[in-house]
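>>> Build me a model from this:
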Amino acid sequence: MDSLHKQDIKHIFDSIMKPPYYEITPPILKLISSIAEKVGEIKASHLIIPQAD
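Residues are numbered from 1 along each chain as shown. Down below sits the predicted model:
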């Protein structure tokens with residue numbers, strides 16, 4: 001860590017903390033929630049073991 005200067009650390013921190021180039025709007029959030037719910041349903045359906053006849 002001694003090899004990193006304060007300027008380097010500031011540059012690394014600034015690059016990590018950049019604001020995103022997109023905005024999560026309510027319609028996008030609703031779609032993401034819907035997708036996550038459907039993925040959860042699919043995962044849950046694979047947990048159910050069909051009964052042997």
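>>> What sits closest to the most centrally placed residue in the chain if chain neighbours are left out?
Compute the mean C-alpha point of the chain, and by C-alpha atoms, centre = their mean the closest residue is I32, 10.4 Å away. Distance criterion C-beta to C-beta, 6 or more residues apart in numbering; nearest residue to I32, sequence neighbours excluded, is I24 at 7.9 Å. (Glycine included, C-beta is placed from N, CA and C.)
>>> Helix or strand: which one has that neighbour?
Using DSSP states H and E, I24 sits within no helix or strand.
>>> coming back round to it: how about the residue nearest to the centre of the chain, secondary structure?
For I32, the assignment made with DSSP: H, G, I helix; E, B strand; the rest coil gives helix.
>>> Just the mean pLDDT for the host helix or strand of D8, thanks.
Using DSSP H and E, D8 falls within helix 6-16. Average pLDDT, helix 6-16: 73.
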